[in-house]
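A.B. asks: Below is the structure, and that's it, no one-letter string:
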């Protein structure tokens, strides 16, 4: 039986509906042209070179008027194929064909066969702490309005799986046609860049449409698993998974995130939470109509005949007043907060717990464990601020504050001081009770902005804020400076301050920097036994290539775990992973289990970026599955940690890291042709025009590769399918190891060390997605003759690396064990290939004669970029 038959049927159904929409709105001729292109693409993929040539001829001959509808047809189809696939992974038909359909059940079964005591498993569950930090990245290509339509289409697919009367079936088909038609008539490319506030709203939308339901459902599943396998369930206040956000708080390199924007996002977040809890209370008030209750409840309800309703309606009323005040506050820069608002989580929890305990005492446990438990679980997971906000800022911006201040006070120039002098100054001021900033000091606009942000932190407190992340941190003074700024702003809570180590040299120096910090008595007192450190994945990979970056990340984590043990500090590692392999992404389960032993003891904090938020959490059932994958991986990492690497593994891994870094940098940094080749062979220059995220694509508009943000760097290479950052250097290093007679050791590492096995399986996935023929076509049409030799060399390297990897994993096909991933990549290729050919044609036209390029062609180019991103899934 074909296990993917249901998936293909749905893909076929959505394709037919899209075809019908095209026929109605564009006529038979356009539909016939699209169908001809699809057929040619399918045959070309099966190896028919004649059809491949014909496909190129048809696409390059399209007139300006035909380009846009054809590009849109294929891009829309990829969105629909992604949706069918998401739906398949959570449908009854799909569960049997995907990897780990029931991750938690599987884990608890495996734990039964080990010598681990039940008490230890219960302890691990109690300590389970996963914080997923939603970040808006320029790669979320789809607009919120389209995401809504796609969610509705998924609901139709789900309903079509259940028995329907003929009439119902007909109505569902009509609804499906209508939604696909709505999507077709919606501009898939934004007219303007989203603002940071728009990005934050898209984060709230994911919670409202999916996670609000998924969190209590997931906790019910976990609770049932625990009762079945361990005999005790989850405590009511358990919040093993929480969400935070960078949207509206991450100002690193984004001039549009100001203190005003941060305040607005914090207020909007509270507004959305109040709104969602009001809806919950509407429902609870309808359901909890019981008239018997505890003495405490009857007192609180002033002896009302329906005491639960009375208490819940009073809370609901207060939340409505709070929401109304927030609506008003959003219109002003400052507004005095009245005392009767629901502002602290305790105010929300008290009445809910009163109802819960009363139901328990009155013999109505079943009712207490229904919808009311769901609302309580949401109150613990989301609270009144919905998402806690991180603040991120560059270390240099904090140093600028003190440089300007010390010059004003006549103390010298902080920016010229040694690290020792900086620390002495900061520690002296941290211990001082008097204010440091003079009343009449008028700082520059940039410095004032940093001070205003700290003021917002102090005003909003620890229920609304999570961590202050310092990018490009390398010295203890970088951390102490932020603590002094927050103290001066009057912050009443010790906000966790996390240095972010992101380049190769930063990662190598991280343990030394943290050792210096932890040896400061004042500092250890301030952190109260808890330290957070952020590990950057994207910048280190861009700096040194994936192998060297991965080993530097592993080694830094390992050293930090040991260091925090020595100082008796609980360490939380915060992983700044992207969606792609080149930025530390890839399957989360494997990635978590490939971390050093002991690195999960302080919980897991990890970024979820851009479009990956939608792929993992966009539908409630998908979100439940993603949460279960995270929870099972972290529990497994805590209870069945990976082995400590042997010395022989370490020394070979160090050698692989060095060799791969040298090979990577020889191309990216030291080959004079590389930057012009990169600019010609990818749509890197054109990406800046795409209104994706609120951040500029470059830190410095005139710089080379080093000034490019990690995201456009990866995004550009996934557009021409060379996928260069995700593999360059790795194969060279492996080849040298094989030449040196290390094949047996490589085999041992692959079998016994999850960290190394994960590196190889990520390379497998990259090689399956990379397509040298498509990359060669970009070169042939777009790259000047004198630079084409570099493309030839890189593709030869790719082919050699691929062959070597297949030998090392003892297989003749890539991803042979991961049928599901193979299937999903193959399924898309037929629809992505025409977009690549169109993109090349459009790039050629726009570069050849930019003056003549029509608005329609420009939009078609943007559509191909967005469509390929959808086809490649983890594009950035």
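C.D. replies: Noted; the coordinates are in hand. Predicted model, so just to flag it, every value in this text is computed and none were measured. Numbering: from 1, shown residues only.
A.B. asks: Check which helix or strand residue 390 maps to.
C.D. replies: Per DSSP states H and E, residue 390 falls inside strand 388-394.
A.B. asks: swap in residue 134?
C.D. replies: Assigned by DSSP H and E, residue 134 belongs to strand 130-135.
A.B. asks: same for that strand, what does it pack against?
C.D. replies: strand 241-245, strand 604-609, helix 620-639 (3 or more CB pairs under 8 Å, 6 or more residues apart in numbering; DSSP states H and E). For glycine as for every other residue, the C-beta is placed from the backbone atoms N, C-alpha and C.
A.B. asks: Determine which of these approaches residue 589 most closely.
C.D. replies: For those, the distance to residue 589 is smallest for helix 620-639, at 4.5 Å, taking CB to CB.
A.B. asks: counting contacts, what elements does the helix or strand that the closest one is followed by pack onto?
C.D. replies: Following helix 620-639 in sequence order, the next helix or strand is helix 647-668 (DSSP H and E). The contact analysis (3+ CB pairs under 8 Å, 6+ apart) places helix 647-668 against helix 538-544, helix 546-566, helix 730-739, helix 743-752.
A.B. asks: and these, which is most packed in?
C.D. replies: helix 538-544 (a mean of 27; mean count of other CB atoms under 10 Å).
A.B. asks: Output the helices and strands packed on strand 130-135 as JSON lines; include the columns mean pLDDT and distance to residue 452.
C.D. replies: JSON lines is the format used below for the helices and strands packed on strand 130-135 (pLDDT from 0 to 100; distance: least, CB to CB, whole Å):
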{"stretch": "strand 241-245", "mean pLDDT": "96", "distance to residue 452": "20"}
{"stretch": "strand 604-609", "mean pLDDT": "90", "distance to residue 452": "25"}
{"stretch": "helix 620-639", "mean pLDDT": "92", "distance to residue 452": "36"}
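A.B. asks: Tell me which of those sits most buried.
C.D. replies: Highest mean neighbour count among these (mean count of other CB under 10 Å): strand 604-609, a mean of 26.
A.B. asks: In which helix or strand does residue 477 reside?
C.D. replies: With DSSP H and E as the criterion, residue 477 is inside helix 476-488.
A.B. asks: Check residue 181 too.
C.D. replies: Element membership of residue 181, judged by DSSP H and E, is helix 166-184.
A.B. asks: coming back round to it: point out the one among the helices and strands packed on strand 130-135 that comes closest to residue 455.
C.D. replies: Between residue 455 and the helices and strands packed on strand 130-135, the tightest spacing by CB to CB is seen for strand 241-245, at 20.1 Å.
A.B. asks: re earlier: show the secondary-structure elements that the strand holding residue 390 is packed against.
C.D. replies: strand 241-245, helix 259-287, helix 445-464, strand 465-471.
A.B. asks: Report the buried residues of the strand holding residue 134.
C.D. replies: Under the neighbour-count criterion of 16 or more other CB atoms under 10 Å, strand 130-135 has 130, 131, 132, 133, 134, 135 buried.
A.B. asks: Closest to residue 150 out of those residues?
C.D. replies: Residue 150 lies nearest to residue 134 out of those, by CB to CB, at 18.7 Å.
A.B. asks: Could you tell me which residues make contact with that closest one?
C.D. replies: Contacts for residue 134 (CB atoms under 8 Å, 6 or more residues apart in numbering) come out as 203, 206, 243, 244, 245, 246, 247, 387, 607, 608, 613.
A.B. asks: Can you lay out the residues you listed as a markdown table showing distance to residue 181?
C.D. replies: Putting these into a markdown table (distance: CB to CB, whole Å) gives the following:
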| residue | distance to residue 181 |
| --- | --- |
| 203 | 29 |
| 206 | 25 |
| 243 | 34 |
| 244 | 38 |
| 245 | 34 |
| 246 | 36 |
| 247 | 32 |
| 387 | 34 |
| 607 | 36 |
| 608 | 32 |
| 613 | 27 |
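A.B. asks: helix, strand or coil for residue 326?
C.D. replies: Look at residue 326: counting by DSSP: H, G, I helix; E, B strand; the rest coil, its state is helix.
A.B. asks: Quick check: it vs residue 270, distance?
C.D. replies: Relative to residue 270, residue 326 is positioned 6 Å away (CB to CB, to the nearest Å).
A.B. asks: Neighbour count for those two, which is higher?
C.D. replies: Higher neighbour count among residue 326 and residue 270: residue 270, with 25 against 21, using other CB atoms under 10 Å.
A.B. asks: In contact with that one, which residues?
C.D. replies: 322, 326, 384, 385, 386, 464.
A.B. asks: what's the closest of those residues to residue 41?
C.D. replies: Nearest to residue 41 among those is residue 386, at 44.0 Å by CB to CB.
A.B. asks: how deep is the closest one tucked in, by neighbour count?
C.D. replies: 29.
A.B. asks: what helices or strands is the helix holding residue 181 leaning on?
C.D. replies: If you count contacts as 3+ CB pairs under 8 Å, 6+ apart, helix 166-184 packs onto helix 5-26, helix 64-90, helix 144-160.
A.B. asks: who does the first one touch, helix- and strand-wise?
C.D. replies: Counting contacts by 3+ CB pairs under 8 Å, 6+ apart, helix 5-26 packs against helix 28-45, helix 64-90, helix 92-95, helix 166-184, helix 819-848.
A.B. asks: For those, could you give me a markdown table that also reports mean neighbour count?
C.D. replies: Shown next, in a markdown table, are the helices and strands packed on helix 5-26 (neighbours: other CB atoms under 10 Å):
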| stretch | mean neighbour count |
| --- | --- |
| helix 28-45 | 17 |
| helix 64-90 | 22 |
| helix 92-95 | 14 |
| helix 166-184 | 15 |
| helix 819-848 | 21 |
